[in-house]
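> Fold the following, please.
(chains A and B)
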Amino acid sequence: MLAQVFSVANQKGGTGKTTLSMNLAAGFSRRGRTLIIDADPQGSAGQWAGLSTDERPFPVSVISVASNLAREVSRMRQDYQYLVIDCPPTLETGVAQSAMSISDKVFVPILPSPVDLWASVRLTDAIDQIKISNSRLQAYILINQLELRSAMSRSMSQALAEFDMPTLQSCLRRRAVYRNSALEGLSVYCMGKRGESAVQEVEFLIEEILTS
Amino acid sequence: MTKELGSKLANSVRQAKAKQPQKNTQDTQQVSETPAPKVESELPLSPLPARRVWPD
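Numbering: from 1, shown residues only, chains lettered A, B, ... in the order given. Down below sits the predicted model:
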């Protein structure tokens, strides 16, 4: 059976693409063979996994693909159940478009801020155009770094209704454990009690992804 | 307050959408018909090897 291919994309930097990719992949790896494809020349996913130790390795392998993404993914699809592509924060190179053109689903992490909302408008247009050639592509917005006490966070749903793209019910809250896990080269699944709440929300997210 | 803020945010998104440049159909055809060659030709040189596996 061919792998399901998931892209994490947003042309704006700092929206949590790599954090989402790494933790999603860690969660998927509990369900089946998973690979992270680092399509971002910054190489943050590889750097993250590289910080892990032999005693506590990151549970998912990371490969960096700088060219021929479609060909590489096509080859990998036969060996894995889940492929997660961490896209670069730009639409100018065409890499993110290539990733989405071979994906089943794309997740767009958006932070609860006006600037992030505005920056994501252009991406939704790009996704609409890619859907012309990849009709199976499903695109979803994911609210990342939600702060329940913030009025801005609570107001997001009204603004996201303006996008022609559904928003996942699950969201990721702003938690220090996501940043700390990166520093240790781990996922939140390996952070013990500190990571419990984060694990729970990643699990909710994965269940929603797999059933949507 | 949340509702008012939500309206403001929604309005700002509508404005951002309105300011989007007109879609270029020629570009659409290029992306949809030949995505892979476009990536190859436009990718900047990377200091990383084409394919790096971690862990080995």
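> For the closest residue to chain B within chain A, pull up the helix or strand it's in.
When scored by C-beta to the nearest C-beta, chain A has A:Gln158 as its residue closest to chain B, at 3.1 Å. Heads up, the C-betas are built off the backbone N, CA and C, glycines and all. According to DSSP states H and E, A:Gln158 maps onto helix A:156-160.
> Give me the buried positions along that helix.
Neighbour-count burial for helix A:156-160, with 16 or more other C-beta atoms under 10 Å in any protein chain shown as criterion, is recorded at A:Met156, A:Gln158, A:Ala159, A:Leu160.
> Check which helices and strands it is in contact with.
strand A:138-143, helix B:2-18 (3 or more C-beta pairs under 8 Å, 6 or more residues apart in numbering or on different chains; DSSP states H and E).
> Just after that helix, pick out the following helix or strand.
Under the assignment DSSP H and E, the closest C-terminal helix or strand after helix A:156-160 is helix A:176-183.
> Quick one: residues in contact with that following helix.
Here helix A:176-183 makes contact (C-beta atoms under 8 Å, 6 or more residues apart in numbering or on different chains) with A:16, A:18-19, A:22-23, A:48, A:51, A:172, A:187-188, A:190-191, A:194-195, A:197-198.
> cutoff 6 Å now
A:Thr19, A:Trp48, A:Ser187, A:Val188, A:Met191, A:Arg194, A:Gly195, A:Ala198 (C-beta atoms under 6 Å, 6 or more residues apart in numbering or on different chains).
> Tabulate the residues you listed in TSV, adding columns for distance to A:Ser67, pLDDT and neighbour count.
What follows is these, written out as TSV (distance: C-beta to C-beta, whole Å; pLDDT from 0 to 100; neighbours: other C-beta atoms under 10 Å in any protein chain shown):
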residue	distance to A:Ser67	pLDDT	neighbour count
A:Thr19	25	97	24
A:Trp48	22	97	26
A:Ser187	28	97	28
A:Val188	32	97	27
A:Met191	35	96	17
A:Arg194	39	95	14
A:Gly195	35	97	21
A:Ala198	34	98	21
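> The residue of chain A positioned farthest from its centre is in what secondary structure piece?
In chain A, the residue that sits farthest from the middle, by C-alpha atoms, centre = their mean, is A:Glu55; the gap is 26.2 Å. Following DSSP H and E, one finds A:Glu55 outside all helices and strands.
> Before we move on, what's the pLDDT of the closest residue in space to the residue of chain A closest to chain B that isn't next to it in sequence?
Closest residue to A:Gln158 apart from its sequence neighbours, by C-beta to C-beta, 6 or more residues apart in numbering or on different chains: B:Gly6 at 3.1 Å. B:Gly6 is assigned 90 on the pLDDT scale.
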